[in-house]
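Trainee: quick check, what structure comes out for this input:
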Amino acid sequence: MAGRLLIAGGKADPSIRAIHGVAQKLAVETVEIWTETAVLSFDPLTMTLWQDAHEIKDIRAAFLRNDVLRAGSASVTAVLRGWLACHPQIKRLNPMAFGRSASVNKLSALAAAHRHGLAIPLTMAGNDPRGLQAFAAQSPAIRKPVEGGDYCRPLVPDAHTGATAIIAQERLVGPDLRIYRVGGQLLGFHIRSDALDYRTDRAAVVSAAPVPADLSEGLFALTDEMGLDFCASDLKTCPRSGRLVYLETNAAPMIAAFGSELADAILAHLMADGPGE
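Mentor: Purely as a prediction, here's the structure:
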């Protein structure tokens, strides 16, 4: 694992701290860029990056995470993505042309998952109150934002009258199964909670779980199509069929709550021999 690892993000971000901790444990030399205090200069002509007037060089791999809680973090992250795009030999997660950040549309992801043989829940998306009311009247249902940024909530008939489009889905049963992809490896975790959305439950319990063999091929094919070598896909059980159904894929998931095994796998993938792209 010789070589320097660039770690960039919010200093207080638990996911950043998890990767930094594993790097220290393995004695990997690191270069840190904290997005809340970073002073950067990047010259596209020479493809050179400086932090506080010191050139950043001899970087073998990079772990970059946008600090969504701090204003200005996205602009610092954009500079770093631009620099990384000029240096494809630097290994990083989810490399994309010109350093664009990956985003996953929940609806196209559902359609693609179905195409790759994964089961999906009954779903309706839009802002037509009549259609959503009819959907909610069929069976217990939930609502969530099309673009994310809020929790899952119950959907009841006559409740949606606004112009904002939402995703409505049949209500599923736990535990949640979150499957991380790290390079060519899949790591599974059960999340047990009495809450509709486990993110609202401080008592939610996370434990390692096997990845069902019948899901692996579809998940690899789906995330390959998305251009992701690092992500987390969420699944839950359909009460009608008893099958695990695919819900969504997050291209920039949290990692700190899911144990050292996940952080270890990420660092091993980043520091292993191989091309950056």
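Trainee: for the closest residue to Pro140 other than its chain neighbours, phi and psi?
Mentor: Among residues not flanking Pro140 along the chain, Arg171 sits closest, at 4.0 Å (CB to CB, 6 or more residues apart in numbering). C-beta: built from backbone N, CA, C; applies to glycine. Dihedral pair for Arg171: phi -80, psi 130, per degrees, to the nearest 10.
Trainee: and for the nearest residue to Leu222 once chain neighbours are set aside, the neighbour number?
Mentor: Nearest non-adjacent residue to Leu222, counting by CB to CB, 6+ apart: His116, 4.8 Å away. Neighbours of His116 under the rule other CB atoms under 10 Å: 17.
Trainee: re the thing from before, list the contacts of the residue nearest to Pro140.
Mentor: When contacts are counted by CB atoms under 8 Å, 6 or more residues apart in numbering, Arg171 touches 139-142, 154, 196, 239.
Trainee: ok, Val22 to Ser108 distance?
Mentor: 34 Å (CB to CB, to the nearest Å).
Trainee: the two - which one has more neighbours?
Mentor: Set Val22 next to Ser108 and count neighbours by other CB under 10 Å: Val22 wins out with 19 against 10.
Trainee: surely the more buried one and Ala265 touch.
Mentor: No. Counting by CB atoms under 8 Å, Val22 does not reach Ala265; the two are 9.6 Å apart.
Trainee: neighbouring contacts of stretch 228-237?
Mentor: So stretch 228-237 is contacted by 93-95, 102, 104, 121, 172-174, 176-183, 215, 219, 222-223, 243-251, 253, 266, 269 (CB under 8 Å, 6+ apart).
Trainee: what residues sit buried inside the helix or strand Leu219 falls within?
Mentor: Assigned by DSSP states H and E, Leu219 falls within helix 213-226. By 16 or more other CB atoms under 10 Å, the buried positions in helix 213-226 come out as 215, 218-219, 221-223, 226.
Trainee: next one: stretch 16-31
Mentor: 16-20, 22-23, 28, 31.
Trainee: just stretch 113-127 next, same as before
Mentor: Quick answer for stretch 113-127 (16+ other CB under 10 Å): 113, 116, 118-121, 123-125.
Trainee: related to what we said a few turns ago, any idea how far Lys25 is from the residue nearest to Leu222?
Mentor: From His116 across to Lys25, the span is 37 Å (CB to CB).
Trainee: point out where the stretch 151-277 of the chain drops to low pLDDT.
Mentor: In the predicted model, the stretch 151-277 of the chain carries pLDDT under 70 at residues 157-163, 274-277.
Trainee: can you map out the helices along it?
Mentor: Along the stretch 151-277 of the chain, the stretches classed as helices by DSSP state H, counting those that start in this stretch are 213-226, 260-271.
Trainee: distance to Gly10 added to those, as JSON lines?
Mentor: Below are the helices of the stretch 151-277 of the chain laid out as JSON lines (distance: least, CB to CB, whole Å):
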{"stretch": "helix 213-226", "distance to Gly10": "25"}
{"stretch": "helix 260-271", "distance to Gly10": "16"}
